[in-house]
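Trainee: Give me the fold of what follows.
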Amino acid sequence: MDSKETNAKIVKMNLGASIRLNKFGIALIGGMIFFIVLLYRNSGTPPRSDFDGRAATVSLKRLLSAAIDAAERGGKIVYDVRVKATLNEQSKGKTKEGANDPVTDGDLKSHLAMFYALTKAFPGVEVISEEHDKSNVDASTVSPAATFNVEVESTIVDDDSIPAEDIRVWIDPLDATQEYTENLKQYVTTMVCVAVKGYPTLGVIHKPFENLTAWGWAGKGVSPKLHVTKDQGGPKDDIAHIIVSRSHSGDVKDVALKAFGENTVVIPAGGAGYKTLAVIQGEADAYVHVTLIKKWDLCAGNAILNALGGKMTTLKGTSVDYGNREEYKNQGGVLATLYQHDYYLPKLQVLQKS
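Mentor: Numbering: from 1, shown residues only. Sure thing, here's the model as predicted:
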């Protein structure tokens with residue numbers, strides 16, 4: 001065999017070895033990629049749209065789970081501050097009615113936990129809070145809100161993906177602060193609401209001193225733990241039971257008596273969240289408010305009522321829009337009912353015109 005034939009055979013042998021090696025390498029790399037993908041899919045890591053501010057859409061089911069987690073985190077802080085009696089109460093000034101408008105460490109620390117838990121979990125979503133950060137706030141200790149909740153998964157069958165730009169999240173880190181300072185703990189709540197194009201869609205009201213979390217998703221369902229009264233078909237025993245604010249009442253008591261009769265039972269209570277739940281649970285027929293109120297006080301209860309087929313409107317009967325952070329004041333009063341909204345509303349409207 002001459003040198004040319006020998007070299008040709010060597011080249012052929014090397015070429016064959018090279019081809020076999022490349023096939024093995026490709027198979028190995030392919031197996032590694034498959035294994036990595038399998039691990040990622042089984043890790044429970046939420047879709048990128050939940051965590052990436054550049055994403056176009058947001059899962060409402062995951063956002064509801066995060067809202068529940070945020071409200072309960074805030075509630076734990078509110079509870080601990082009250083139990084330790086470290087309120088450090090200050091005043092934000094006077095309300096329009098001349099009542100004190102306090103703020104405490106419970107409000108501010110709850111805000112820190114709730115606001116940053118939500119913004120870290122959903123950086124592309126606008127979150128609007130009643131409170132604001134103090135200078136030099138360290139948010140590094142706040143972890144993103146959990147985007148999985150067993151109760152939500154077992155109750156809600158499907159999901160909606162919504163453009164992030166259509167979503168506004170309203171949070172009230174401590175509703176009923178005045179009552180909180182007076183140790184009237186039954187009225188205190190923490191609340192989160194998700195409005196889609198201004199419509200209150202997801203609502204969470206957490207009672208930290210009763211360890212109760214009520215939530216609702218308009219068109220989808222409500223928390224199975226939420227007690228909902230049966231259809232009352234109008235006022236109990238033909239006597240309207242109206243729940244009103246105890247600390248910002250204005251002339252609402254007189255309005256209720258004039259609108260629904262002198263036998264009307266007027267129930268003073270603290271916190272818009274508490275009062276809305278009282279209507280849902282049958283402790284009152286309607287919640288009436290006649291003076292200015294902030295939208296973070298209303299949004300969560302409004303969403304839960306929407307999920308139950310109830311209504312919350314202004315005293316003129318118009319819906320409250322939650323689509324603009326700059327328009328955070330509701331000037332038109334409030335009527336909230338689970339049933340028979342059309343029974344109560346005309347009576348209030350007639351009184352306004354007189």
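Trainee: Wait, G317 touches Y344, no?
Mentor: No - with contact defined as C-beta atoms under 8 Å, G317 does not reach Y344; the gap is 10.5 Å. Just so you know, the C-beta spots here come from the backbone N, C-alpha and C atoms, and that holds for glycine as well.
Trainee: okay, these two: which has more neighbours?
Mentor: The neighbour comparison of G317 against Y344 (other C-beta atoms under 10 Å) goes to Y344, with 25 against 15.
Trainee: Run the chain-centre distance for stretch 330-347.
Mentor: 23 Å (C-alpha atoms, centre = their mean, to the nearest Å).
Trainee: First residue to last residue on that stretch, what's the distance there?
Mentor: 21 Å (C-alpha to C-alpha, to the nearest Å).
Trainee: Pull out the buried positions in that stretch.
Mentor: For stretch 330-347, the neighbour count (16 or more other C-beta atoms under 10 Å) marks 330, 332-341, 343-345, 347 as buried.
Trainee: And these, which is closest to T229?
Mentor: Looking at the buried residues of stretch 330-347 and their distance to T229, the nearest is L338, at 6.7 Å (C-beta to C-beta).
Trainee: got the contact list for that closest one?
Mentor: V228, T229, V279, I280, L305, L308, G309, G310 (C-beta atoms under 8 Å, 6 or more residues apart in numbering).
Trainee: run the last query once more with 6 Å
Mentor: L338 sits next to V279, I280, G310 when contact means C-beta atoms under 6 Å, 6 or more residues apart in numbering.
Trainee: a markdown table please, covering those and showing secondary structure and distance to A269.
Mentor: Conversion of the contacts of L338 to a markdown table gives the following (DSSP: H, G, I helix; E, B strand; the rest coil; distance: C-beta to C-beta, whole Å):
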| residue | secondary structure | distance to A269 |
| --- | --- | --- |
| V279 | helix | 11 |
| I280 | helix | 14 |
| G310 | coil | 18 |
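Trainee: Out of those residues, who's the most crowded?
Mentor: Neighbour max across these (other C-beta under 10 Å) = I280, 26 neighbours.
Trainee: Tell me how many other residues crowd L212.
Mentor: L212, neighbours per other C-beta under 10 Å, totals 16.
Trainee: Please report how far T229 lies from Y339.
Mentor: 8 Å (C-beta to C-beta, to the nearest Å).
Trainee: low pLDDT regions in the stretch 201-350 of the chain?
Mentor: Scanning the stretch 201-350 of the chain for pLDDT under 70 picks out 231-234, 236-237, 248-250.
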